[in-house]
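**Q** With the input below, show me the fold.
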Amino acid sequence: MDNRTVAIICHGGAGTITEKEDYARGLSEAIEEGYRLLRQGAPALEAVLRAVVMLEDNPVFNAGTGSSLTIDEVAEMDAGIMTQHGRFGGVICIRNVKNPVLVAEKVMTETDHLILAGDGAIRFARSMGFEDYNPVTEKAKRRLMELRQNGSKFFPRLNQRLGITEQKSGTVGAVAIDRNGNIVAATSSGGIAGRMTGRVGDSGIPGAGVFASPAGGVSCTGHGEEILRMLLARDIGERMKTLPAQTAVTLALSEAKRKKVLCGAIAIDARGGIGYGYTSPDMAYGYKAADRLFLFTDSRK
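**A** Okay, the predicted model is just below:
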């Protein structure tokens, strides 16, 4: 493969997006940096990690710095990364690190495990040299306070006790294909605001929030519980064995919409084809291929 086949697509979460310009700016910066690396011959793994780290470091997004808070006002984060060769690393309910996706990558490359969770994930992060970091922002604190006042529809039983009736979800993710045709996907999330402490979402689970195979790579966003039920990323990945990325995403999300699941997905197939879609009111996404950048603000579904 030559340089013209490289591509990267990123998302900044599905839901209702009011800060469209801020989301577009953050996505553009991450995509441009990932694409620059790909054009220079960097592997897809490096490009995806760099793009997701930039999104995690941007407090506009619900991942890394700025992650949503649990009902106990703590930031528990999930992240997963997967290569087309089946290598995977994930962290679940990790706290006090700046970049969960980098810890997930270390789980993949430095351990015999697939996923580390909670205190074990934190201890592992420290052993790998990741310093203590507080990702909680004032914005996240205000969001939790607003939810307690206005409510959420995702957790009706829990929300009856909290008085929560409205919810907003978010995640970040990236998928890239490099000049050698290697595909890597990663997803990182700060979770649903107001969730129970210890809740596990889809982002750190292979086949749910993230998936890669020789047929293509996928990163999902939205209501994690329902994405887990559907194994949405695996579903799209399997469809890409015989279908282009866009067709695979469209068909899988049609099923999600039928089931009234609020979600979104991005994908790249083995030929470098791009796919994206969502059932929620909005999804922040963008991609660059053939030296052309596209952002979700340029067009509406």
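**Q** Would you state the strands of the stretch 51-200 of the chain in chain order?
**A** Under the criterion DSSP state E, counting those that start in this stretch, the stretch 51-200 of the chain contains strands at 77-83, 88-94, 115-117, 172-177, 183-189.
**Q** I'd like the distance between Ser213 and Thr5.
**A** 18 Å (CB to CB, to the nearest Å). All C-beta atoms are positioned from the backbone trio N, CA, C, and that covers glycine.
**Q** and these two? which has more neighbours close in?
**A** Ser213 (20 against 16; other CB atoms under 10 Å).
**Q** Settle this for me: the more buried one is touching Thr83, isn't it.
**A** No. Here Ser213 does not reach Thr83: they are 9.3 Å apart, not a contact under CB atoms under 8 Å.
**Q** which residues do the two both contact?
**A** Shared contacts of Ser213 and Thr83 (CB atoms under 8 Å, 6 or more residues apart in numbering): Ile183.
**Q** By mean pLDDT, which helix or strand of the chain comes out lowest?
**A** Here the helix or strand of the chain ranked lowest by mean pLDDT, DSSP states H and E is helix 156-162, holding a mean of 44.
**Q** Pull out the buried residues from stretch 230-239.
**A** For stretch 230-239, a neighbour-count test (16 or more other CB atoms under 10 Å) marks Met230, Leu231, Leu232, Ala233, Arg234, Asp235, Ile236, Gly237, Glu238, Arg239 as buried.
**Q** What about the nearest residue to Cys263 once chain neighbours are set aside, how many residues nearby?
**A** In this structure, Cys263 finds its nearest non-sequential neighbour in Gly222, 3.0 Å apart by CB to CB, 6 or more residues apart in numbering. By other CB under 10 Å, 29 other residues sit near Gly222.
**Q** my read: Gly222 touches Lys260, true?
**A** No. Using CB under 8 Å, Gly222 is not in contact with Lys260; the gap is 11.7 Å.
**Q** residues touching the closest residue to Leu232 other than its chain neighbours, list them.
**A** Residue nearest to Leu232 in three dimensions, not counting chain neighbours: Cys220, with 5.0 Å by CB to CB, 6+ apart. Contacts were defined as CB under 8 Å, 6+ apart; by that measure Cys220 touches 171, 173, 187, 202, 208-210, 227, 232-233, 236, 263-265.
**Q** Tell me the bridge partners for Cys220.
**A** Ala265 (DSSP bridges).
**Q** Mind listing what's buried along the single longest helix found in the chain?
**A** Ranked by residue count under DSSP state H, the longest helix found in the chain is helix 20-39. Of the residues in helix 20-39, 22-24, 26-28, 30-35, 37-39 count as buried by neighbour count, 16+ other CB under 10 Å.
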